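Asks: The sequence and its predicted three-dimensional model are supplied below.
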Amino acid sequence: MFKKDGQLIVIALGGNAFLQKGEKGTVEEQWKNVYVAAKEIVGLIKRGYKVVVTHGNGPQVGNVMEWIEALKDKIPPLTMDIAGAMTQGWIGYMLQQAIQNVLIEEGLDHHYRAVTLINQVIVKKDDPAWNNPTKYVGPYYYNEEEIEKLKKERGWVIKPDPRGGYRRVVASPDVVDNVEKEAIKLLYENDFIVIASGGGGIPVVADEIGRLEGREAVIDKDLGGQLLASVVDADIFIILTDVEGAYINYGKPDQKLLKELKVSEAKKLLEQGIFGAGSMGPKVKAAIRFAEKTGKPAYIGHLYKLQDILEGKSGTKILPD
């Protein structure tokens, strides 16, 4: 069972690993959901795979930023990159403990351990995204005087939110490298289940001699997961979410699950706008990138059907041409 040469799977967990629709996000709810994810992950370990896990952090970063702004008159505000690091610790702790406890329950803890890395990703200083910030973050503002003050004193870009009021917007630059990739490789090669690149990774830029500095931005978690899977030489990349896979006409009476696509086919559908720009689109784009870069398969499917996805009974599989 304990294969030293087992294939490496990178799993990108969606928000349903921490919060289900209709839930408030209490600590009890979070633990319940995390244990479901942990059992799925340990199921792969039992089958002989090595596993690296990544995850989103959108709601959690949102919470942290709300707390920061609510207390800014008492405690000096922190920046978004620090908020991202905080959520990597928060979510990583929960996943790490849940996975380790399931390993103990399954009698596997003498062979495997779980560990979380605070993980940075490099973005380019000249990425075009910096000139067009589009990602809404933090609290809503309604007072014009306060908005102008924030723009002047904090250097923020603030735009009308389609849902009402005004909010800060930040850039979403692409990712080009994972800073801690060697450490991640070393750990999984020694039978650690590694939790890394949370929220896509903490965005940093490098100067001319390689020194790093954090940036306030939103990293696409699926593209960050794809980068992670590519740089650690994963054999399989799986994006887990709360739907069965990628669909044509999703949500309509004639919706159709796409069970298997070549990269070229997936690209055409993506260009046609078949997949939602804020939902399935980034997942398909990330799967395409991985399959194209590595020549290996990527999958998109439901968290609760992880084993079925690998067996071809569920999900969408994207293959190189």
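Replies: Structure received.
Asks: Now residue 138. Its backbone dihedrals?
Replies: Main-chain dihedrals, residue 138, degrees, to the nearest 10: phi 70, psi -170.
Asks: Skipping adjacent residues, who's closest to it in space?
Replies: Nearest non-adjacent residue to residue 138, counting by CB to CB, 6 or more residues apart in numbering: residue 65, 4.3 Å away. (Each C-beta comes from the backbone N, C-alpha and C, glycine too.)
Asks: Keeping just the C-alphas, turn the one helix or strand that neighbour maps to into PDB.
Replies: Element membership for residue 65 (DSSP states H and E) is helix 58-70. Extracted as PDB, the C-alpha positions of helix 58-70 are listed here (Å, rounded to 0.1, in the frame of the first residue of the first chain):
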ATOM      1  CA  GLY A  58     -11.600  34.600  -0.600                       C
ATOM      2  CA  PRO A  59     -14.200  34.700   2.200                       C
ATOM      3  CA  GLN A  60     -11.500  34.400   4.800                       C
ATOM      4  CA  VAL A  61      -9.400  37.300   3.400                       C
ATOM      5  CA  GLY A  62     -12.600  39.300   3.200                       C
ATOM      6  CA  ASN A  63     -13.300  38.700   6.900                       C
ATOM      7  CA  VAL A  64      -9.800  39.700   7.800                       C
ATOM      8  CA  MET A  65     -10.000  42.900   5.800                       C
ATOM      9  CA  GLU A  66     -13.300  43.800   7.400                       C
ATOM     10  CA  TRP A  67     -11.700  43.300  10.900                       C
ATOM     11  CA  ILE A  68      -8.700  45.400   9.900                       C
ATOM     12  CA  GLU A  69     -10.900  48.300   8.700                       C
ATOM     13  CA  ALA A  70     -13.300  48.100  11.600                       C
END
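Asks: other SSEs contacting it?
Replies: Contacts defined by 3 or more CB pairs under 8 Å, 6 or more residues apart in numbering; DSSP states H and E place helix 58-70 against helix 80-105, strand 135-141.
Asks: what's next to it, contact-wise?
Replies: 15, 18-19, 25, 75, 77-78, 80, 83-84, 86-87, 90-91, 137-139, 199, 221 (CB atoms under 8 Å, 6 or more residues apart in numbering).
Asks: same deal with stretch 266-284?
Replies: With CB under 8 Å, 6+ apart as the test, stretch 266-284 has contacts from 220, 222-223, 239, 241, 243, 246-248, 250, 258, 261, 285, 287-288, 300, 318.
Asks: one more time with 10 Å
Replies: 12, 14, 172, 220-223, 225-226, 239-241, 243, 245-251, 258, 260-262, 285, 287-288, 291-292, 298, 300, 316, 318-319, 321 (CB atoms under 10 Å, 6 or more residues apart in numbering).
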